[in-house]
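> for reference, the sequence and a predicted model appear below.
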Amino acid sequence: MSHDEKAAPVGKKFFTPGMMVVVAVMVTGLGVGMYRMLFGLASTTHLNDQFALGLWIGVDVATGVALAAGGFTTGALVYIFDREHFHAIIRPALLTAMLGYTFVGVGLMFDLGKWYNIWHPAVPFMWQGNSVLFEVGMCVMVYLNVLYIEFVPIVCERFIGRVNLPGKLGRLNYPLDMLLRFADHILGKIMFIFIIAGVVLSCLHQSSLGTLMVIAPYKLHPLYWSLLSPVFFLASAIAVGFPMVVFESMIACRSFGRKPEMHILTPLARYTPWLLGFYICLKIGDMLFRGTYVYLFEYSAASIIFWIEFGLLTVVPFFMFMSRDIRRSPRGLFVAAAMYIVGVCLNRCAVFFIAFDPVYAEKAYIPAIGEFALTIGLVATIVFIYRVFVTLLPVLPAPEHE
Amino acid sequence: MKNKKRWLAFAGILCAVMLVVMMGRTGTLRSEEQQEPGVTKKADGPVERPVFISVPEIFEALERAPVLFKHDTHAIELEAEGCEVCHPTRDGKVLFTYPKERDETSRDALMNAFHDACIGCHNERSAEGKDAGPVTCGECHVIEDSYLAHEYLPILPEYYEPLRDTYHRDCLSCHQDPAKAAEDAGGLDWKRFYVKERQKIEDERPEVFFDYLVHDKHEKALEDKCELCHYISPGLQEKLDREQKEPSCQDWLREIEEGGSLVEEDQAHSRCINCHLERADEKKDAGPVHCKKCHTDIERTVEELADVPRQDCDQEETILIQIEEEDVRMKGVPFSHTAHQADTRGCQDCHHDTLEACKTCHTLTGDEKGDYITLAEAYHEETSAWSCIGCHETEKKKPDCAGCHHIMKTGLNESACDTCHTGTLESLDNATKIAPPAELYPEDMDQEMEISILENEYKPAKLTHEEIVKKLSDISDNSTLARHFHTEKTTICQGCHHLGPVEEKKNPPQCSTCHTARKEPERKVPTLLGAYHQQCLGCHKQMGGTEEEMPQSCSGCHEEKQAPAAGK
Amino acid sequence: MSGDRRNFLKKAAGLGGLLLTGSEKKAHASFLKVNPDQFGVLVDTTQCVGCRSCEKACNEINTDLPRQTAESFKDESVLDKNRRMDYRAYTVVNRYPNPLDEGKPVFAKFQCMHCLYPACVSACIVGAFTRAPSGAVVYDPWKCMGCRYCLAACPFQVPAYEYRNVLAPQVRKCTFCFDTRLTKGAIPACVQACPMEVMTFGKRNDLIALAREKIKESPGRYVPHIYGEHEMGGTAWMYLSGISFEQIGFPRLGYYPAPAFTEPIQHAIFKWFLPPLGLYATLGSIMWFLNSRKKNK
C-alpha cells in the first residue's frame, strides 16, 4: 500500500505544559478509579437501583464506542471505497479507534460491579444469545482484536530492522525481528479480511448499542425510544467518524505546531453532510411517523436535551458542513466537528440516563464528581497514550518541513 | 487567542448542558394533575367557578382558546346596576342568555355579538374612567396549560398495540359493543389516541342539589303556595274543577310543564333567579342570585338533614310495591316510605330528577325513558345508588356494619328473597330485635375465652365474647334496616360462626372443622390462621374502633412470647 | 495474479462461513416456553393490613440478606414513606391512601413479579437469570458480572444492586423461595407467614380462575382487572385491588413482553448470520471491483 506521504514518529518534546495538565487530570482520574476499586460503587457514584446505567456507561462505553467510529469509517473509505487521497489519516484514525475501544473496556471495568468477571461473556457456557448486550460485548471484543491486528503493521514498520532490546534480552532481537517480518508479510496479504470484518463488526455493535434501551419502552421518553434506535445509533456513529478524525487531527497538529492538513480534511468533510443528513432525515421521519413531535415543546429534561443535542448540536453542524467556506476554514471545520461530537455524546447520555424516566425514581440522576473525574481522567489517559504512540511509532505523517 | 474563544464557547455549551441536567426532571410521561382552571379554593365559603364561553353547538371547533368568564365577579361589581346591564329582559323578567343581541345565524355573527357586547362594555367603562375588563384578544382568550388536559402515550404501533389491548380487553369487557363504545368514547381514533388532549370547553360546576332543607326554606318563604314553582296542566285543572277538588301534592308533583322542568339549566336560571330578584326588590327574604351561592360544594349529609321536615305530598307512609301485571309471580314488597325519607337527603336520591314512581320509566322489559334499565334491575342492581339493594349495600359498608358484612357475599342472596317479598304490609312490623345474647348461649359457655389452637410465637388470643356479642346486638337493634333483615335470633352469631348450623343454646361447630391448619390445594377456604385474622382483624379494621376496644396490633389480641435468645 | 487469488480466498471464506452457520442453532432462539402448570401467587390487596409479617418471613428465610430484628418489622412508621426493594429486602409493603375511604388506606406488597417472559432473562449478557419450569426467575450470582443491564431492563423496577459491596456485589431480588422452599415442595415463606392470607399460592391458571371468581362474586370490592394476567406478557405474581392499580403504585404497562421488542431485532440480524455475511460479501465485492478497476488503469 503505497502512499504519497510517509508516516514517521513525531520528534517533538513529550512533556509540554499541555501534557502536564493531561498527566495531572489522568492521575486524578485514575486515582478516583482506584478509590472506586477500593471502596465500591456507592462511594464514588450516584448510581442507584432506579438509575443503574449512568455516566460511565453513557460516556465511557456508549460515547466511547461511537466516537471511535473513525477507525472503521476511514478504513472503509480508503480501502473499500478506494479513496487513496485520504491515506494519511488512516493511521491516526486507527490509533484513536484502537485506544478508544481499549478504554471502553477499561471504563467498563470500573463500572462493572464484578469487574473480575469481565471475561465471562467469552466463555461459550455463559453465552446468552438473546441478550443485546451479548452482541455488543462479543462484537466489541472481536473488533478490538481486529483493531490490534490492523495496528500491527505500524509496529512492524517501526521496529523491523531496529529491534534493540537492552542487556540480556538482546538475544531475542533476531527472533523478534523475524516474527515481525513474518507478521508484516502475512498481514500485508490478508489485511483486507480484517478491514472488511472491522466494518461489519462495527456496524453490528454500533447498532446493538442502540438496541440496548429498546427493551425498556416504558422508561424511555418517547422522543428517544424507537424501534429504529439501532439504526439511529449506527447512522450517527458513521456520521461522527469523519468529524472525529477532523477533531483529533487538528488538535494533534496544533499540539505539534503543524499546519492543519486541510487538503485532506476539507474533502473528507464533504462526505459528512450526506451521512449526517441521512441520520437527520431518519430521525425526523421517525418523529413524524410516530407523532412524537408533540413532545418537542413539553418542558421536560428529555425535550430540552433533545433540542440541544439534535437541534443545536446535530442540525446546526449539518448546515455548517454543507457550507464550503466552513469546510475550508480550519476554525469553522473544527467548531462544526466539535459541536457534532458533543452532540453525539449528549445523545448517548440522553438515551441512557437523561431521558430515562424509571418507574419509581424520586429524583433525577446527576452523576457524582467521581464519575466525572474518572471519565475525564480516562479521556486524558487516551490523550496521553496517543501522544506516547505518535512519538514512538510512525502514525502521523512526516512533517513537511522540519 | 483564537483558541481561547473556541474553548470558551465549548465551556459555555457544556455549562448549558449541565444546567439542563441539573434541572432534573420537570415533566414526566404521565399526565399531570389538572388544577381546576380559574378556581382558587379558599378554606371556607363558596368558591367562584368561572364559566367557559365556547358555545360548542355553534362555534364547533374553536380557533382561539375559550374565554374563561368570571360571572360572579362581574355580577358583584355590577350589582347596583342589576342583571339587565348584560342580560336581555322580556315582560319584566330577565332572560339569562347572553349577549342581549344574540345573533345565532352564523359563527361570525355570534362572535361579533359577543365581542360587541363584552368589548363594547369594557370600552365604555374605561372611557368613563371606571374599572374595566380587557379589550385585547389574548387577554380574554387565554391559553393556559390548565385548560388543556394532556395525557401522552407513545404511539408506535408496537407499543400502542398492547396498550390498545389493555383498553380493549378491559373496557370492552363491559362495553360489549365496540361500535357503540367507540361512539361513547367520542370517536377516539387510534392515531390520535396517544394524546388525550381535552380542551376544557364545558364548565364543570357542581350541580345544585335541592335537598329537603332547601325545599323546606322555600315552602316556608312562599307560604306553601305550590303553584309558584310547580305546575298543574290546564287539563288536570279542568278535571279538578269539575270534581271540585283542590290539587293534592301528588298532582303538583306529577305534572311537568312542557319545556318547564326546573331541572333544566335555562329554566332553573330564568325562573329561580328572577323570583329571587323580584323578592329582593320587594325587600322580602330572597334566595341567592350569584352562581357560587347555589352551585356550591356543600352537600348536606343525612345526619345534618335529620331534623328538617320532609315535604308533605300526601304520600303514603307505607306502600306495598306490587306489580299488577298478570304474569308477575313475585309477591309484593312492603315499603316504609316514611322510614326511607328519613334516610335520604332529597326526593331525588331515589326518584331521580323526574320524581316519578319507579315503574313509570323502568318497565318490566326496559324502556328508553328508563335508559333501558328493567324494573328488576332498577330495584336490585347492587352497585347502583338508586336501587334498593344498592342503597342497602352502601349502608352495609358503614363501619358499624362492615365488620361482618365486608367478608360476606354482597348483593342478592337467593335464599333471602322472602325477607323482602312477603306480600303483606303487616310484615313491616316484624322488625325483630335481637334476642338478648344470654338467652342464646349454651349453659356451659365461658365468657372469657382464649384461642390457643395456633399458639406458637404468640400467647393464646384473648376473646371477650360477651362484649363482642353485646356490641353487635346493640348496633343491630339500633338500626331499622338491620332489624328488618336480621330475621333470626342467631343472625348476629352467624356473623362469625358462619356457614354452619347455629342453634340456640348449643355450641356452634369449631372453626377448625372447615379451616384446617394446613393449606389444602383444592380448598377455597382460608387456613385457620387466615380465617381467624380475616375474621377478627378484618372486622376490627373495618369497624375502626379504638385500639382498646378493637385491637388492631398483634399484641392487642395476643401477647408476644419472649423470643428465645436465638442467634438472629 | 494476486487479485484472483485474493478473490478466491474471499469466496472460500464466505462459503465456509455459510457452511459453519448452517449448523448453527443459536440464531433460532425463541421465546421461553411457558409451562402451563407453572405456579403463581394471587395477591388480594383488599385484605392486606400492612403488618409486614411477609417482610419478616422473607428476611428470616433468606440468610444472605442483612439480618434485621423482629422488632424492626413491627415499626409501622416506615409505612409513612413508600419504599422499594433494595439490597436489604426482597419484598416491601407500602401504604397508599384510599380515595374511596380516607380511613382505610390500602396496602400493597411488592416483590419480583416472576414474569412469564422476563426482561432480565433476556437482557442478561451471561445468562445469570433463568426461568425455572415452576415459574420462578432465578439469579445465579456466580455468572454475574455486575453490568446492571437487568436493572435497566425490568419494567417493574424490581432488581436491586449492592452498590455498597466492594468485592462481590450481587443483584438482589425475590427468588420465589426457589432454593429454600419451592424445590422442597413447600410454599414461599411470605405466602405462608401472612396472617390475613392475602396471598394464595397455586397453579397460575387456577389462580386466574380464582381471581375471576372473586371479582364476579364481589363486584364492588375489586377493580375488574387482574394485574399481571397479561401485563408484559403475564407475570406469575398477580394482583387484585379495590382501587386502580396506579393508585397503589403499579406502573401502567402494556401486554407486550419486553423481550419481544429486542429479540426480534437480534434474531433478524443474526438469522443464519446472513445479514452480517451479506454485508461482508457486499463490501468485499465493492473492494474487489474498485481495486481491479484501479489495476486495470
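Perfect, thanks for sending it. Numbering: from 1, shown residues only, chains lettered A, B, ... in the order given.
> most proximal residue of chain C with respect to chain A?
Closest contact between chain C and chain A, by C-beta to the nearest C-beta, is at C:Gly146 (2.3 Å). Bear in mind the C-beta positions are built from the backbone N, C-alpha and C, glycine included.
> please name the nearest non-neighbouring residue to that residue.
A:Gly113 (2.3 Å; C-beta to C-beta, 6 or more residues apart in numbering or on different chains).
> okay, and for chain B, where does confidence drop off?
B:1-9, B:11, B:16-46, B:143-179, B:181-204, B:255-256, B:519-523, B:563-568 (pLDDT under 70).
> quick one, domains of it?
B:154-193, B:212-294, B:318-405, B:431-557 (automatic domain parsing).
> these: which one's closest to chain A?
Here domain B:154-193 is closest among the domains of chain B (C-beta to the nearest C-beta), at 4.1 Å.
> can you list the residues of the stretch 101-250 of chain A near chain B?
A:217-218, A:221-222, A:225-227 (C-beta under 8 Å from any C-beta of the partner chain).
> which one among these gets closest to chain B?
A:Pro222 (4.1 Å).
> just to check, the closest one is in contact with A:Tyr293?
No. Contact criterion C-beta atoms under 8 Å: A:Pro222 and A:Tyr293 do not qualify, at 9.9 Å.
> if you count surrounding residues, which of those two has more?
A:Pro222 (26 against 12; other C-beta atoms under 10 Å in any protein chain shown).
> show me what from chain C comes close to chain B.
C:47, C:49, C:51, C:67, C:69-70, C:74, C:103-104, C:187, C:194-197, C:201-202, C:210, C:217-221, C:224-225, C:230, C:252, C:254-256, C:261.
> just the stretch 251-400 of chain A next, same as before
A:254, A:290-292, A:294-295, A:298-301, A:303-305, A:308, A:312-313, A:331, A:334-335, A:338-339, A:342, A:346, A:354, A:357, A:361, A:363-364, A:366.
> nearest to chain C: which residue in the stretch 401-550 of chain B?
Counting by C-beta to the nearest C-beta, the stretch 401-550 of chain B gets nearest chain C through B:Gly530, at 2.8 Å.
> and that residue, helix, strand or coil?
Classification of B:Gly530 by DSSP: H, G, I helix; E, B strand; the rest coil places it in helix.
> contact partners for it?
For B:Gly530, the contact set (C-beta atoms under 8 Å, 6 or more residues apart in numbering or on different chains) comprises B:515, C:194-197.
> what does B:Asp266 give?
Contacts of B:Asp266 (C-beta under 8 Å, 6+ apart): B:96-97.
> do the same with A:Gly54
Counting by C-beta under 8 Å, 6+ apart, A:Gly54 has contacts A:45-47, A:111, A:352-353, A:365, A:367, A:371.
> separation between C:Cys115 and chain B?
According to C-beta to the nearest C-beta, to the nearest Å, C:Cys115 and chain B sit 14 Å apart.
> quick one: residues contacting the residue lying closest to that residue once chain neighbours are set aside.
Leaving out its chain neighbours, the residue that sits closest to C:Cys115 by C-beta to C-beta, 6+ apart is C:Thr235, at 4.7 Å. Applying C-beta under 8 Å, 6+ apart, we find C:Thr235 in contact with C:40, C:113-116, C:156, C:228.
> buried residues, stretch B:337-347. List them.
Within stretch B:337-347, the residues that count as buried by 16 or more other C-beta atoms under 10 Å in any protein chain shown are B:341, B:344-347.
> of the residues of the stretch 251-400 of chain A next to chain B, buried ones?
Here, 16+ other C-beta under 10 Å leaves A:290-292, A:294-295, A:298, A:300-301, A:303-305, A:308, A:312-313, A:334-335, A:338-339, A:342, A:346, A:354, A:357, A:361, A:364, A:366 buried among those.
> of those residues, which are in range of chain C?
Checking these against chain C (C-beta under 8 Å from any C-beta), there are no matches.
> is the closest residue to chain C within the stretch 301-402 of chain A in a helix, a strand, or coil?
With C-beta to the nearest C-beta, the shortest gap between the stretch 301-402 of chain A and chain C falls at A:Val359, namely 4.4 Å. Here A:Val359 is recorded as coil under three-state DSSP.
> so how far is A:Met20 from the spatially most central residue of chain A?
Closest residue to the average C-alpha location of chain A: A:Ala68 at 2.3 Å, with C-alpha atoms, centre = their mean. Going from A:Ala68 to A:Met20 by C-beta to C-beta, to the nearest Å gives 26 Å.
> point to the residue nearest the middle of chain C.
Centre-most residue of chain C, counting by C-alpha atoms, centre = their mean: C:Pro118, 3.4 Å.
> ok, and the closest non-adjacent residue to that one?
C:Val137 (5.0 Å).
> just to revisit the earlier point, near chain A, from the residues of chain C next to chain B?
Answer for those near chain A (C-beta under 8 Å from any C-beta): C:254, C:261.
> biggest helix in the chain by residues?
Went with chain A since none was named. Using DSSP state H to define each element, chain A has its longest helix at helix A:173-211.
> switch to chain C, please.
Under DSSP H, chain C gives helix C:274-296 as its longest helix.
> which other helices and strands does that one contact?
Here helix C:274-296 touches helix A:173-211, helix C:2-22, helix C:259-269, going by 3 or more C-beta pairs under 8 Å, 6 or more residues apart in numbering or on different chains; DSSP states H and E.
> run through the residues that contact the residue of the stretch 301-450 of chain B found nearest chain A.
Chain A sits closest to B:His406 of the stretch 301-450 of chain B, with a gap of 30.7 Å, by C-beta to the nearest C-beta. Listed by C-beta under 8 Å, 6+ apart, the contact partners of B:His406 are B:397, B:538-539, B:542.
> next, it: phi, psi?
phi -70, psi -20 (degrees, to the nearest 10).
> against C:Ile215, how distant is it?
16 Å.
> same thing with B:Pro134?
To C:Ile215, B:Pro134 is 54 Å away according to C-beta to C-beta.
> and the two? Which one has more around it.
C:Ile215 (16 against 13).
> looks like that one contacts C:Leu240 (just checking).
Yes. With contact defined as C-beta under 8 Å, C:Ile215 and C:Leu240 form a contacting pair (7.2 Å).
> which ones among the buried ones among the residues of the stretch 251-400 of chain A next to chain B map onto strands?
The strands, defined by DSSP state E, take in nothing from those.
> neighbours of A:Val106, how many?
For A:Val106, using other C-beta under 10 Å, the count is 18.
> er, B:Thr464 I mean
B:Thr464 has 13 nearby residues by other C-beta under 10 Å.
> related to what we said a few turns ago, inside helices: which ones of the contacts of A:Gly54?
A:111, A:371.
> in TSV: the contacts of A:Gly54, plus pLDDT and neighbour count.
Shown next, in TSV, are the contacts of A:Gly54 (pLDDT from 0 to 100; neighbours: other C-beta atoms under 10 Å in any protein chain shown):
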residue	pLDDT	neighbour count
A:Thr45	95	23
A:His46	95	19
A:Leu47	95	26
A:Asp111	96	23
A:Phe352	96	28
A:Phe353	95	24
A:Tyr365	93	24
A:Pro367	95	22
A:Glu371	96	25
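> and which of the contacts of A:Gly54 is nearest to B:Glu81?
The nearest member of the contacts of A:Gly54 to B:Glu81, counting by C-beta to C-beta, is A:Tyr365 at 60.5 Å.
> hang on, C:Pro195 packs against B:Leu537?
Yes. C:Pro195 is within contact range of B:Leu537, at 7.2 Å (criterion: C-beta under 8 Å).
> what residues of the helix or strand hosting B:Gly390 count as buried?
Element membership of B:Gly390, judged by DSSP states H and E, is helix B:388-396. Going by neighbour count (16+ other C-beta under 10 Å), the buried part of helix B:388-396 is B:388-393, B:395-396.
> cool, stretch A:151-168 as well?
In stretch A:151-168, counting by 16+ other C-beta under 10 Å, buried: A:151-160, A:163.
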